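Novice: task: produce atomic coordinates for the following.
(one chain, ligands or ions: 2)
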Amino acid sequence: MVSDQVYNSFITTPRQLAQALDLSLEPLEAVHAVYPLRISRYYLELIKQHGLPLFRQAVPDLLELSDAIGLDDPLDEENLSPVPNLVHKYPDRALFLVCNECATYCRFCTRKRKVGTKNMVINEATIHAGLEYLARTPTISDVLISGGDPLMLSDQRLDRLLRAIRAIPSIATIRIGTRVPCTLPARITPRLAAILKRYHPLYINTHFNHPTEVTADAARACTLLADAGIPLGCQTVLLRGVNDCPQTLQLLFYRLIRIRVKPYYLFQADLTKGSSHFRTTVNTGLAIMHYLIGNLTGMALPTYALDAPGGGGKIPLTPQYVQSLDKTLDFITCCGSPCSYPNQTHPDSFQSSVGVNEKKNYT
Ligand SMILES: *Cc1c(COP(=O)(O)O)cnc(C)c1O
Ligand code: SF4
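Specialist: Residues are numbered from 1 along each chain as shown. Ligands and ions are numbered 1, 2, ... in the order given. Now for the predicted structure:
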């Protein structure tokens, strides 16, 4: 675990939360009987300052208990795990769950079925089994360390884990998925940055959902990581009543690139049981993307993506610009005017450079 000082700075019981935000206790207790509760003192202060968009993300709501549509494991992760806590869905990459805790539990979490509960067992044996699987599956060159939140591990355990992953020659890139820069920025210390720096190429994808989460503390945390040479991305979730507004997301993405975080994905919310009240339609997401593509620097534009129910993987969702594709491509520009592009190669053009012989001739 992280140091006592940081660890003790959490709200973990309905009573503490009811007191802190002047809420009635019973609904919190009812939800807490089913799903875990944790809010860092830091994020609690942000909730007090900025209200509903942050409140909804972290405070238990009775709506979590009346969800008849959602699925326990919407991405079929358990069936795609060759060993517990390692999801192998794509040939070249794997998702390795190494910690079952987070600094603040998001009410919309895709792994709500297990994160922060006793259903998620992570110990030396599961970590060892995951490492063994990575070592004997050399098609995997990219490992995503997630959880829960891997940065809730102690510096020492994280160091040991990264060293073990780096010892596998077939692993080229290591990615860490963490919400800590947003929910517990004090966890990002110079010492942690110095440890992470030893394991390059190492990437971090963090998770901010609202412009008010991009604080001076978050900026300091991200600067420490970026100065350690770690490219930073962001995986935002599109959430009803939180950020389902073009201008809100535009401001969030502007603020992120100012703190050197590149928006990577904007996720359509998964069909997770207990989180259906957060889901927008795909139409809302596409309309937001249509606005952003015309009005936001490409540097700050994420890919809007849907993770296929049943474990089919992520697909990009893009507003419909293409009208027809044959001898010409007919499309609508982002301002809405029609345009065409001739879809033919020059009769005397080069051979396609797919073959190996071409390369030989060149060298
Ligand atoms: C999202 C995900 C990945 C990574 O996908 P990218 O598109 O490369 O970011 C890998 N494995 C699993 C199981 C995932 O859910
Ligand atoms: S930080 Fe990520 S893993 Fe943790 S509760 Fe939030 S969405 Fe789930």
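Novice: all contacts plus neighbour counts: C-alpha atoms, from now on.
Specialist: Fine.
Novice: could you check how far the residue most central in space within the chain is from ligand 1?
Specialist: By CA atoms, centre = their mean, the chain has its centre lying nearest to Gln235, at 3.7 Å. Note on Gln235: its distance to ligand 1, by CA to the nearest ligand atom, to the nearest Å, is 9 Å.
Novice: what about the strands in the stretch 251-363 of the chain?
Specialist: For the stretch 251-363 of the chain, the strands defined by DSSP state E, counting those that start in this stretch cover 261-267, 303-308, 313-316, 322-325, 328-332, 338-342.
Novice: now render those strands as JSON lines, adding distance to Leu158 and mean pLDDT.
Specialist: Shown next, in JSON lines, are the strands of the stretch 251-363 of the chain (distance: least, CA to CA, whole Å; pLDDT from 0 to 100):
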{"stretch": "strand 261-267", "distance to Leu158": "22", "mean pLDDT": "98"}
{"stretch": "strand 303-308", "distance to Leu158": "28", "mean pLDDT": "98"}
{"stretch": "strand 313-316", "distance to Leu158": "28", "mean pLDDT": "97"}
{"stretch": "strand 322-325", "distance to Leu158": "46", "mean pLDDT": "97"}
{"stretch": "strand 328-332", "distance to Leu158": "49", "mean pLDDT": "98"}
{"stretch": "strand 338-342", "distance to Leu158": "51", "mean pLDDT": "97"}
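Novice: ok, which of these comes nearest ligand 2?
Specialist: Among the strands of the stretch 251-363 of the chain, strand 261-267 comes nearest to ligand 2, with 11.4 Å by CA to the nearest ligand atom.
Novice: on that earlier part again, give me the secondary structure label for the residue nearest to the centre of the chain.
Specialist: strand (DSSP: H, G, I helix; E, B strand; the rest coil).
Novice: surely it and Ile204 touch.
Specialist: No: the criterion here is CA atoms under 8 Å, and Gln235 misses it with Ile204 at 10.2 Å.
Novice: got phi/psi on Ser146?
Specialist: Backbone dihedrals for Ser146, given as degrees, to the nearest 10, come out at phi -140, psi -160.
Novice: tell me the bridge partners for it.
Specialist: Leu97 (DSSP bridges).
Novice: how close does it sit to Leu80?
Specialist: As for Ser146, its distance to Leu80 is 16 Å (criterion: CA to CA, to the nearest Å).
Novice: so the two - more neighbours on which side?
Specialist: Ser146 (21 against 16; other CA atoms under 10 Å).
Novice: and the more buried one, how far from Glu124?
Specialist: In terms of CA to CA, Ser146 sits 16 Å off from Glu124.
Novice: again, but for Phe253
Specialist: Going from Phe253 to Glu124 by CA to CA gives 38 Å.
Novice: which residues does the nearest residue to Lys327 once chain neighbours are set aside contact?
Specialist: Once flanking residues are discounted, Lys327 sits nearest to Asn343: 5.2 Å by CA to CA, 6 or more residues apart in numbering. By CA atoms under 8 Å, 6 or more residues apart in numbering, the contact set of Asn343 is 325-329.
Novice: low-scoring stretches of this structure, by residue?
Specialist: Counting by pLDDT under 70, the ranges of the chain that qualify are 1-8, 354-363.
Novice: mind jotting down where the strands sit in the stretch 1-150 of the chain?
Specialist: 10-11, 39-40, 86-90, 93-99, 142-147.
Novice: what is the first one packed up against?
Specialist: This points to strand 10-11. Identification of packing neighbours for strand 10-11 by 3 or more CA pairs under 8 Å, 6 or more residues apart in numbering; DSSP states H and E yields strand 39-40.
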